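> Whatever this is, show me its structure:
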Amino acid sequence: MSKNISIFDTTLRDGTQGEGISLSVDDKLNIAKKLDYLGVEYIEGGIPGSNSKDIEFFKRVQQLGLTSKIVAFGSTRRKGGNAETDANLNRIIESGADAATLVGKSWDFHVHTALQTTLEENLDMIYDSIHYLKRNGLEVIFDAEHFFDGYKNNPEYTLSVMTRAYEAGADWLVMCDTNGGTMPHEIQEIVRAVVSHLPEANFGIHTHNDCELAVANTLAAISAGARHVQGTINGYGERCGNANLCSVIPNLQLKLGYHCIEEDKLAQLTNVSRYVSEIANVNMPVNQPYVGSAAFAHKGGIHVSAILRDSRTYEHIAPEQVGNKQRILVSELAGQSNIISKAQELGIELDPTSSHSRQVIDRIKDMEHQGYQFEGADGSLELLIREANGEVKELFTFESFKMLVEKTAGKPVVSEAFVKLSVGGRSHYTAAEGNGPVNALDNALRKALVTYYPSLQEMHLSDYKVRVLDDKDTTAAKVRVLIESKNFSDGWNTIGVSENVIEASWEALVDSFRYALLDEVPSEIVEPDTLAQGMVNH
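Got it, this is the predicted structure:
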């Protein structure tokens, strides 16, 4: 049996049914280009005619010249009707898609309860619809909805559904675990039985993650003879989601020896996963297998010491195979090897025999005891290491700040910050308003420094998080603030901790500016009096 697996991505259709996910037409087109670059065989774009967004998508995607096959989704003809006049089937044909996914009922309970028709009429609906699309030149993928529930209830009927779809000319017969409640051993047994019943047909699998088994069930189906996998990037989908292709593909290709996509494209998997996450505006779990930021992260000193000798001691694959990278985390569990490795990663020369590395470790442990956490604050961590190594120059001297927050009835809150600091011996006192206290502080600090450091115009704060560290102290509790900052080419995170949220925010904010200006030299500023005198002399 072939070791080639056909990968069918339904992020743009089934994935968008996940709670909180909404994609514009441009979003869908950009994701389609990424999926095409990854090398998936099929990209399911949506339901033609169901909404203006999907209509526009199918028109515009034709102009992209993608290699992947674009698939339109629809259901079988209506009961009592005929395929030739069915509006949904004709919209699929008119969409210009290369292939069609046609969903049909395979559970007798659904035929009687949802469709409210006879078992024989359902078979005719399936046959007529597939046959009509085939006559119009489309490749047809038949998705047998609720297949495994149906098989357990009435195996004879579900087999007759597959037989009828095959006789109508379906290119793939896909068994769907629509409710996501089937166990891997059941999947394997049923798929094996169905493949034996129709050995000439091509079978696929479509699983949902309601029991957190979508990936396991997909692998079980492949082991039993399925050769077509339907899933989504990052497992997005209705309820608990679909099979996560970011886990399915490397499991099949790296662990089980199947071929899903080209090897050089597999190294793009992490990039594609994170790109889709950004477009969908959904935070990725850091511990997502293969592509998560913590998938190859090491924290304990003993672990780090071992992987520095040979990464195979604590990594099941080389992270570069899926485009990820090894990360060394620095925390209260860190040993000297963590610090040395992190310094090397940052390109910092740190002598392991000197007292510097020990000082950094001790300081980090003390700070984490106070509530700091440097795993998610790479900018602040780098500043600590560089300071210990004597590489950080004082860019400005902080003197004071004040905050004014005013609320007048019927008007929005007004926040104003006043910052006093000195740069190169010159004192500056600036004031700025902002959309909240932190934004006001950011604006005031930026206003004071941007003349000396013009590159600050390229930097902006992109995220702000506050966490209460001990909720027993209620409003007097210590808080941890994480600030994410970006410029045109980079992104970094900084941290601040205090009983006062403004002070914690200021600390994280100042670290963010210090990190952004690590390699900067202040511009020469001409004093106004000097400039005026020069003009007179001229």
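
> The stretch 301-450 of the chain: strands as residue ranges?
With DSSP state E, counting those that start in this stretch as the criterion, the stretch 301-450 of the chain has strands at 327-328, 397-406, 414-423, 426-434.

> tell me the angle of the last one relative to strand 414-423?
Taking axes from the mean of the first three to the mean of the last three C-alpha atoms, to 10 degrees, one finds that strand 426-434 is oriented at 160 degrees with respect to strand 414-423.

> what's the angle from strand 426-434 to strand 397-406?
Angle, strand 426-434 to strand 397-406, by the same axes, to 10 degrees: 30 degrees.

> List the neighbouring strands of strand 426-434 plus their orientation.
Using DSSP bridges, strand 426-434 pairs in its sheet with strand 414-423 (antiparallel).

> ok, and for the partner strand, which residues are buried?
By neighbour count on 16 or more other C-beta atoms under 10 Å, the buried set for strand 414-423 is 415, 416, 417, 418, 419, 420, 421, 423. Every C-beta, even on glycine, is put in place using the N, C-alpha and C of the backbone.

> Next: stretch 157-165.
Those would be 157, 158, 159, 160, 161, 162, 163, 164, 165, for stretch 157-165 by 16+ other C-beta under 10 Å.

> so the last one makes contact with residue 145?
No: between residue 165 and residue 145 no contact is recorded; they are 11.9 Å apart, counting by C-beta atoms under 8 Å.

> Run through the residues that contact residue 61.
Residues near residue 61 by C-beta atoms under 8 Å, 6 or more residues apart in numbering: 29, 32, 45, 70.

> Out of these, which sit inside helices?
Judged by DSSP state H, the contacts of residue 61 include 29, 32 as members of helices.

> Among the contacts of residue 61, which one is most surrounded by other residues?
residue 45 (25 neighbours; other C-beta atoms under 10 Å).

> OK, contacts around that residue?
Applying C-beta under 8 Å, 6+ apart, the residues near residue 45 are 12-13, 28, 32, 54, 57-58, 61, 70-73, 97.

> and the gap between it and residue 218?
Residue 45 sits 22 Å away from residue 218, going by C-beta to C-beta, to the nearest Å.

> try residue 104
Counting by C-beta to C-beta, the gap from residue 104 to residue 218 is 21 Å.

> What of residue 143?
14 Å.

> who's more crowded, the two?
More crowded of residue 143 and residue 218, by other C-beta under 10 Å: residue 218, with 30 against 25.

> quick one: the nearest residue to the more buried one once chain neighbours are set aside from residue 519, how far?
Nearest residue to residue 218 in three dimensions, chain neighbours excluded: residue 243, at 4.7 Å (C-beta to C-beta, 6 or more residues apart in numbering). Distance, residue 243 to residue 519, by C-beta to C-beta: 45 Å.

> Was I right to think residue 74 contacts residue 99?
No: counting by C-beta under 8 Å, residue 74 sits too far from residue 99 to count as a contact (11.5 Å).

> Relative to residue 504, which of the strands of the stretch 301-450 of the chain is closest?
Closest to residue 504 of the strands of the stretch 301-450 of the chain is strand 397-406 (C-beta to C-beta; 13.3 Å).

> Determine the set of other helices and strands touching the closest one.
Helices and strands touching strand 397-406, as assessed by 3 or more C-beta pairs under 8 Å, 6 or more residues apart in numbering; DSSP states H and E, comprise strand 414-423, helix 437-449, helix 501-516.

> Which parts of the stretch 51-200 of the chain are strands?
Using DSSP E, counting those that start in this stretch, strands in the stretch 51-200 of the chain cover 69-75, 99-105, 139-145, 172-177.

> what's in contact with the shortest one?
By that I understand strand 172-177. 6, 103, 106, 140-148, 162, 165-166, 187, 190-191, 194, 198, 201-208, 214, 217, 221, 226, 228, 230.

> Relative to it, what are the paired strands and their orientations?
When DSSP bridges is applied, strand 172-177 pairs with strand 139-145 (parallel), strand 203-207 (parallel).

> That one versus strand 99-105: what angle between them?
50 degrees.

> Also the first one?
Strand 69-75 and strand 99-105 are oriented at 30 degrees to each other (the same axes, to 10 degrees).

> same for strand 69-75, what does it pack against?
With contacts defined as 3+ C-beta pairs under 8 Å, 6+ apart, strand 69-75 has these neighbours: strand 42-46, helix 52-61, helix 87-94, strand 99-105.

> can I get these in a markdown table with distance to residue 255 and mean pLDDT?
Below are these laid out as a markdown table (distance: least, C-beta to C-beta, whole Å; pLDDT from 0 to 100):
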| stretch | distance to residue 255 | mean pLDDT |
| --- | --- | --- |
| strand 42-46 | 23 | 97 |
| helix 52-61 | 33 | 94 |
| helix 87-94 | 36 | 96 |
| strand 99-105 | 28 | 98 |
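
> List just the one of those that sits closest to residue 404.
The nearest among these, by C-beta to C-beta, is helix 52-61 at 45.5 Å.

> what's the angle from the closest one to strand 42-46?
140 degrees.

> what residue ranges in the protein score low on pLDDT?
For the chain, the stretches flagged by pLDDT under 70 are 299-305, 307-309, 327-342, 345-346, 350-354, 356-357, 375-376, 470-476, 523-538.

> Please name the spatially closest residue to residue 62 (chain neighbours excluded).
Counting by C-beta to C-beta, 6+ apart, the residue nearest residue 62 is residue 96, at 5.4 Å.

> Surely the one you found and residue 57 touch.
No: using C-beta under 8 Å, residue 96 makes no contact with residue 57, being 10.9 Å away.

> So between the two, which is more surrounded?
residue 57 (26 against 13).

> quick revisit: need the strands paired with strand 172-177 in JSON lines with distance to residue 125, can you?
Compiled in JSON lines, these are given as follows (distance: least, C-beta to C-beta, whole Å):
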{"stretch": "strand 139-145", "distance to residue 125": "12"}
{"stretch": "strand 203-207", "distance to residue 125": "20"}
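
> Among the ones you listed, show me which one is buried the most.
Mean neighbour counts were compared across these using mean count of other C-beta atoms under 10 Å; the top stretch is strand 203-207, at a mean of 28.
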